[in-house]
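In: Whatever this is, show me its structure:
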Amino acid sequence: MHLDVQVLRDFYYRSQLGRAAQKGVRDRVVERWGDTRGLTLAGYGFAVPLLRPFLGTAERVIGLMPGPQGVMHWPADGANHSVLCDEARWPLANDSVDRLVVMHGLETSDHPLALLDEMHRVLSPQGRALVVVPSRGGLWARSDATPFGFGRPYSRGQMERLMAEAGFVCAAHTTALFFPPSSRRFWLRSARTLEKAGRNWGPDRLGGVLIVEAMRRDTATPRGLRVAERMPLRVLEGIPVSGAQPAWRETAARGGETRPNPATNL
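Out: Residues are numbered from 1 along each chain as shown. Now for the predicted structure:
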């Protein structure tokens, strides 16, 4: 279930709790990505609050917003960088995104694997993706006062299995939002201190959101045989397989042929 874009906008831009949450997660994204000069950045779901620091440095910044959520002009004080799209059909070319962040997209998706397959298609061979989801053990997933209280929360193990099924390697993980989801003045004043303490000393299970960094498995440094060299089991040979394979899986099976590009058919 996607939240309406107006609800998300009001939380992140018009409430003190939302601005504190925005800073807590955004600081982690800036920390992971560092210098983005000359890179193409994209965010899916309602990730535009995390992309603002990169507007002046990255070559291209794109905010992708799913149809059921709705779209808004962003940034409000400049030329529009946001676009409405289907969750499994983005208007981007294959291998075109160097840095990708997803927030309020995966946990509310009706077809999470289809969404991850589209992420795999647009991410460049050496690109990195950050997926922000509510932490199953955190306080923020238990409160309806914030957008992180909606959709399906994830544990670290669940995220690693889901990303592996979609062809990603989880390179790192971290957490954010160590302060409680409360609008009381005391907690808002303490938010920055609690975030710093949680980042340095706090256990991950106390964080309200889980942030997983992933790379495409077919281009990540292999520990064993390459994906194209792994031999499948022969036990089920001859049994027809139902359902179409995602583009990246078909490419691996063919040995690296060019993947179809939905952006050219829009």
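In: Okay, strands next: where are they in the chain?
Out: All strands of the chain, identified by DSSP state E, fall at 40-45, 60-66, 82-85, 97-103, 123-134, 168-176, 209-216.
In: Paired strands for the shortest one, with orientation please.
Out: The one in question is strand 82-85. strand 60-66 (parallel) (DSSP bridges).
In: Now residue 30: closest residue in space that isn't a chain neighbour?
Out: Nearest non-adjacent residue to residue 30, counting by CB to CB, 6 or more residues apart in numbering: residue 53, 5.6 Å away. In this view, the C-beta of every residue, glycine as well, is placed from N, C-alpha and C.
In: Kindly confirm whether my reading is correct that the one you found touches residue 25.
Out: No. Residue 53 sits out of contact with residue 25 when judged by CB atoms under 8 Å, with a separation of 12.0 Å.
In: between the two, which one's more packed in?
Out: Counted by other CB atoms under 10 Å, residue 53 and residue 25 do not tie: residue 25 has more neighbours, with 25 against 15.
In: which sections of the stretch 1-150 of the chain are below the confidence cut-off?
Out: Applying pLDDT under 70 to the stretch 1-150 of the chain flags no residue at all.
In: at 80 what do you get?
Out: Low-confidence segments of the stretch 1-150 of the chain (pLDDT under 80): 1.
In: For it, just list every one of the helices.
Out: 5-14, 16-33, 48-51, 112-122 (DSSP state H, counting those that start in this stretch).
In: Which residues belonging to the second one are considered buried?
Out: Neighbour-count burial for helix 16-33, counted by 16 or more other CB atoms under 10 Å, picks out 17-22, 24-29, 32-33.
In: what's in contact with that helix?
Out: 10-13, 49-50, 52-54, 99, 101, 103, 128, 130, 132, 145-146, 148, 172, 174, 176-179, 181-183, 188, 191-192, 195, 199, 209, 211, 213 (CB atoms under 8 Å, 6 or more residues apart in numbering).
In: ditto for the third one
Out: Residues outside helix 48-51 that contact it (CB under 8 Å, 6+ apart) are 12-13, 22, 25-26, 29, 41, 43, 61, 63, 74-75, 81-82, 101, 103, 132.
In: next one: that helix to chain centre, how far?
Out: On the basis of CA atoms, centre = their mean, to the nearest Å, helix 48-51 sits 12 Å off its chain's mean C-alpha point.
In: Return the alpha-carbon coordinates of it using PDB.
Out: Taking C-alpha atoms only, helix 48-51 is exported to PDB below (Å, rounded to 0.1, in the frame of the first residue of the first chain):
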ATOM      1  CA  VAL A  48      13.900  13.000  -3.100                       C
ATOM      2  CA  PRO A  49      14.600  14.200   0.500                       C
ATOM      3  CA  LEU A  50      17.800  12.200   0.400                       C
ATOM      4  CA  LEU A  51      18.900  13.500  -3.000                       C
END
